[in-house]
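Visitor: here's my sequence, what's the structure:
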Amino acid sequence: MVKILDGYIFNRVFIYFSLSFLVLMVIFLLVDFVSHVDLVAKGKLVDVLLLVFSRIPVYSIRMLPIATLIGVMVAISELSSTNELVVIKSLGISIYRISVPIFIFASLVVLAGLLITEFFVPKGAALENFMYEKLGKRNKVFYLVTPEVWIKKGNTFFSVRNFDPVKGCGEYFSLIKIGEDFRPFYREDALNIRYEKDGNWKLENVYERDLLREKTLFKKEKVENLGITVKDLTSFFINPSTMELFSLFKLIHHLKLLGYNTTTYEMEFYSRISMPFIVFVVALIGIPLGAFNPRNQKGYTAVVAVGFIVSMWVTVSFFNNLGKTGFLPPVYAAFASHFIFLSIGLILFSRSHS
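Guide: Below you'll find the predicted structure:
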């Protein structure tokens, strides 16, 4: 009998979850499509469809907790409104036992979320960035792997710090030329550098040093063809949102060994792991909220679900910003909101009637 009940509850949650997820996805994709209707009018329908398609993985991750909360609350609320919950309790089956199939369902949703995060979100982010750049809606986003970029071309070494590939400018530029004996014979340093065009760069506050003759010449500014372009330097930039979790973990580990600040990458890594686990939290909260439905009001579930989701996302965004700014360690910032709402869920769950 208990197995039959488990199957019944699991199926009800699955049905309402699926309907909610499908409706929410359609709504968000339609809103996304309509927001780019100006591009459709310009004959870029295929590009807009690809852009909307690229956001399906991200929307899926965001919709999983919402659909789970609605599915759990509606399923339990339905049992309460039809007095099935009363009958189940009269048979000696507590609400804690009823929750078992719900947590099994939540576990499967979490697993699906992790798989989407690992295999589909990076590909979707890469396609989204490409389409935005193609449509001229967004400048290319770069994340500098190291604070200083080094590049070698022929017998010349170049280095620049704090380089911005979008603006094509950087600070503390150095150029070193070496001879056949690998000894440097010329060095050039500039406080600021900016790309002009056709390989030409504008240098400010420049020191030219002839290391063989031990002579130094200062110039306020100069334009020089270095034989490199902005594109030659962009290989040192990686967008963490386009990386799989394991690759991102390896990059963080490598950069930490080199002594670099990895806050941006760590925040991306832990945030993407933490997102699917919100499903457990909302499932825990959804059970007591669904069971407590005053006078079986139909609008109760919708109002409570919307209010809870809004407060949850505000809290998640708040702690993510604290993590990105370095105010909190990334791992704490990524999971802080989970523990806050988990505490609320445990309190509500513990007060549910057995």
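
Visitor: helices of the stretch 101-250 of the chain, residue ranges please.
Guide: Remark: helices assigned in the stretch 101-250 of the chain by DSSP state H, counting those that start in this stretch are 121-134, 230-233, 245-257.

Visitor: list the buried residues of stretch 9-25.
Guide: Neighbour-count burial for stretch 9-25 flags I9, F10, R12, V13, F14, Y16, F17, S20, F21, L24, M25 (criterion: 16 or more other Cβ atoms under 10 Å). No exception for glycine: its C-beta is placed from N, CA and C like everyone else's.

Visitor: next, the residue of the chain positioned farthest from its centre: phi, psi?
Guide: Note on the chain: the largest separation between a C-alpha and the mean C-alpha position, by Cα atoms, centre = their mean, falls on R213 (53.9 Å). Reported as degrees, to the nearest 10, the phi and psi values for R213 are phi -90, psi -10.

Visitor: so for it, what's the pLDDT?
Guide: According to the prediction, R213 has pLDDT 85.

Visitor: moving C-terminal of the strand or helix carrying M25, what's the next helix or strand?
Guide: Element membership of M25, judged by DSSP states H and E, is helix 2-34. Sequence order places helix 37-41 as the next helix or strand after helix 2-34, per DSSP H and E.

Visitor: mean confidence for that next one?
Guide: Per-residue scores along helix 37-41 average to 79.

Visitor: which residues sit against it?
Guide: F33, D47, V48, L135 (Cβ atoms under 8 Å, 6 or more residues apart in numbering).

Visitor: between those, which is closest to I273?
Guide: For the contacts of helix 37-41, the residue nearest I273 by Cβ to Cβ is F33; the value is 30.0 Å.

Visitor: can you pull the contacts of that closest one?
Guide: Counted by Cβ under 8 Å, 6+ apart, F33 has contacts V40, V48, L49, V52.

Visitor: what is the neighbour count of the third one?
Guide: This points to L49. 14 (other Cβ atoms under 10 Å).

Visitor: contacts only, for it.
Guide: F33.

Visitor: dump the helix or strand it falls within to PDB, keeping only the CA atoms.
Guide: Here L49, judged by DSSP H and E, is contained in helix 45-54. The C-alpha coordinates for helix 45-54 follow below in PDB (Å, rounded to 0.1, in the frame of the first residue of the first chain):
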ATOM      1  CA  LEU A  45      14.600  35.800 -37.900                       C
ATOM      2  CA  VAL A  46      17.100  32.900 -38.000                       C
ATOM      3  CA  ASP A  47      19.700  34.700 -35.900                       C
ATOM      4  CA  VAL A  48      17.000  35.700 -33.300                       C
ATOM      5  CA  LEU A  49      15.800  32.100 -33.100                       C
ATOM      6  CA  LEU A  50      19.400  30.800 -32.600                       C
ATOM      7  CA  LEU A  51      19.800  33.400 -29.800                       C
ATOM      8  CA  VAL A  52      16.600  32.300 -28.100                       C
ATOM      9  CA  PHE A  53      17.600  28.700 -28.600                       C
ATOM     10  CA  SER A  54      21.000  29.300 -27.000                       C
END
